[in-house]
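Peer 1: Fold the following, please.
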Amino acid sequence: MTFMSNLRSRHVNISIQSDTFLQMYFAKKKTLSGVCSFLCLVSGEALNCHRCVPKKAGENCEDSVETCKPGKNACAAATFLREPFGHYQKCMALSDCKLLKLNAYIDMKCCTEDMCNTL
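Peer 2: This is a model prediction of the structure:
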């Protein structure tokens, strides 16, 4: 091989490698952009609920706003229909809230909108 043909061969090889690199770079960039967009859509904003949990059954409590942590995807309001009578409002996993609704001695409200857990 002559010097010029060897040089041309290397130039073509480098061009192919750089084209492959650019294709991989932009493919990864598109994938990363898609993942970021998906996470932004999924995460959304945190749910806000009334929070009122008395220290003892039957006592009053101070109503405040609670921002639900991951895994707590519902606002819950419970009124106990047997002794010790009482109530609470707080963030809770929707599945847990639905289970508590099955108890005949608890009037349970489960909802997924901001500040929807009023008594």
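
Peer 1: can you give me the mean pLDDT across stretch 110-119?
Peer 2: The pLDDT scores in stretch 110-119 average 98.

Peer 1: Run through the chain and note the low-pLDDT ranges.
Peer 2: 1-44 (pLDDT under 70).

Peer 1: give me every residue that touches the nearest residue in space to E59 that is not next to it in sequence.
Peer 2: Nearest non-adjacent residue to E59, counting by C-beta to C-beta, 6 or more residues apart in numbering: G86, 7.6 Å away. C-beta coordinates here come from the backbone N, C-alpha and C atoms, glycine included. G86 sits next to 54, 56-59, 79-80 when contact means C-beta atoms under 8 Å, 6 or more residues apart in numbering.

Peer 1: how about the strands of the chain, start to end?
Peer 2: 48-51, 64-67, 74-80, 86-92, 106-111 (DSSP state E).

Peer 1: TSV please, covering these and showing distance to L99.
Peer 2: Below are those laid out as TSV (distance: least, C-beta to C-beta, whole Å):
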stretch	distance to L99
strand 48-51	18
strand 64-67	20
strand 74-80	11
strand 86-92	10
strand 106-111	9
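
Peer 1: Tell me which of those lies nearest to K98.
Peer 2: Closest to K98 of the strands of the chain, according to C-beta to C-beta: strand 106-111, at 6.1 Å.

Peer 1: tilt between that closest one and strand 74-80?
Peer 2: When axes from the mean of the first three to the mean of the last three C-alpha atoms, to 10 degrees is applied, the directions of strand 106-111 and strand 74-80 differ by 160 degrees.

Peer 1: neighbouring strands for strand 106-111, and are they parallel or not?
Peer 2: Paired neighbours of strand 106-111 in the sheet (DSSP bridges): strand 74-80 (antiparallel).

Peer 1: How is the chain divided into domains?
Peer 2: 1-44, 48-111 (automatic domain parsing).
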